[in-house]
Each structure stands twice: as structure tokens, then as C-alpha cells.
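J.: Test case, fold it:
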Amino acid sequence: MTPEIKIAPVYDDASPAVIDLILPIQTIEFNVNVSLEDQPDLIEINSNYHAGGGGFWGIFVDEELVGTIALINTGHKAGAIRKMFVKKEFRGGELRLAQRLLDHLIAYCREVGMTDLYLGTVAQLKAAHRFYERNGFQKIAMSDLPPYFPRMNADTIFYHLPI
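T.: Numbering: from 1, shown residues only. The predicted model follows:
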């Protein structure tokens, strides 16, 4: 049976499910030294993402939240991708959930007139690096980030995509 897949905006009321998805991926699976206290945006999704003209989306398989992607509108016709995570058992394969999330975010960016996307990530996420590079993102030096990019302390690798 084909699973039902849906991408939908998520808001503050989904914060517990978002935290339950993201925090174990960061801390247990990839051993990134980050806590919930370091990420208050996971609790206040509305004010950190939606209110500024960005967004926060979840991908649901048969109504279970299995992935997320977020966008901060940084102004300057640019955005910063945040919180792109997919549960391990839903990565890759024929469902292509990460690709669907990224395509959805890029379509939104085009719709609202953004011309540039940036993101920061950590060295441990090698598969994520390959994914971004397959999607046309170019690795850039931290010094090449625009001054309005909201850098996270844990991030050491940065990417740019003109859209």
C-alpha cells in the first residue's frame, strides 16, 4: 500500500513533535553537541520562522511527522535554511522525502521573490553535504557569508544557492 505523504506548515503547537524528531537526530545519531536550550526556535516556531516571512514545514507519512525544513527570511531577497531533518528510517529510497522538502522550500522562495539561499551545517553530516551539492548548492567560506546570515554556533560548513 502506498503511504500518504503530505507537506504542511507546522506551528508552535507542533513543537513537542518537532523536538522529539530533531533533538535525537542531532545529539544521539550524529553526536552534535547541541541542546534544546541552544535552540529556542524549536519552541517558538511561529515567531522565529513564520512571522518574518519564512516558514517551517513538516513532511508527514501516514500522518506521522518524519521530517522538517525551515526558512528564515533574512531580507535582501535571501533566506537561510534551517532544521532540515528526516528520520533515519525514512531517508533515501523511493519516497525521496528530503528532496520533496527542499523542492517545496525552493518553490516557496521563488513564489515570495527570494533569489538566494544560504545554510550552515556541521562536519558530521556528510550525507547532507552530498545532498546539498547534488541540488546545486556551492560550498562557501564563512567569510563569504552575507552579514545578515544568522549563523548558528555549531555550524562550520556553509552553502549558497542562487535561485
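J.: Which helix or strand contains Gly113?
T.: Assigning secondary structure by DSSP states H and E places Gly113 outside every helix and strand.
J.: ok, for it, nearest residue in space, not its chain neighbours?
T.: Among residues not flanking Gly113 along the chain, Lys77 sits closest, at 6.1 Å (Cβ to Cβ, 6 or more residues apart in numbering). To be clear about C-beta, it is placed using only N, CA and C from the backbone, and glycine gets the same treatment.
J.: what sits against the closest residue to Asn46 other than its chain neighbours?
T.: Setting aside the residues directly before and after it, Asn46 is nearest to Asp12 in space (Cβ to Cβ, 6+ apart), at 5.0 Å. By Cβ atoms under 8 Å, 6 or more residues apart in numbering, the residues touching Asp12 are Ile43, Glu44, Ile45, Asn46.
J.: Any chance of the backbone angles for Asp12?
T.: The main-chain torsion angles of Asp12 are listed as degrees, to the nearest 10 and equal phi -50, psi -40.
J.: same check, this time on Gly58
T.: When quoted as degrees, to the nearest 10, the phi and psi of Gly58 stand at phi -120, psi 150.
J.: Same check on Gly120?
T.: On the backbone of Gly120 - angles per degrees, to the nearest 10 - the values are phi -120, psi 150.
J.: repeat for Gln39
T.: The main-chain torsion angles of Gln39 are listed as degrees, to the nearest 10 and equal phi -130, psi 60.
J.: That one: what's it in contact with?
T.: Listed by Cβ under 8 Å, 6+ apart, the contact set of Gln39 reads Ile22.
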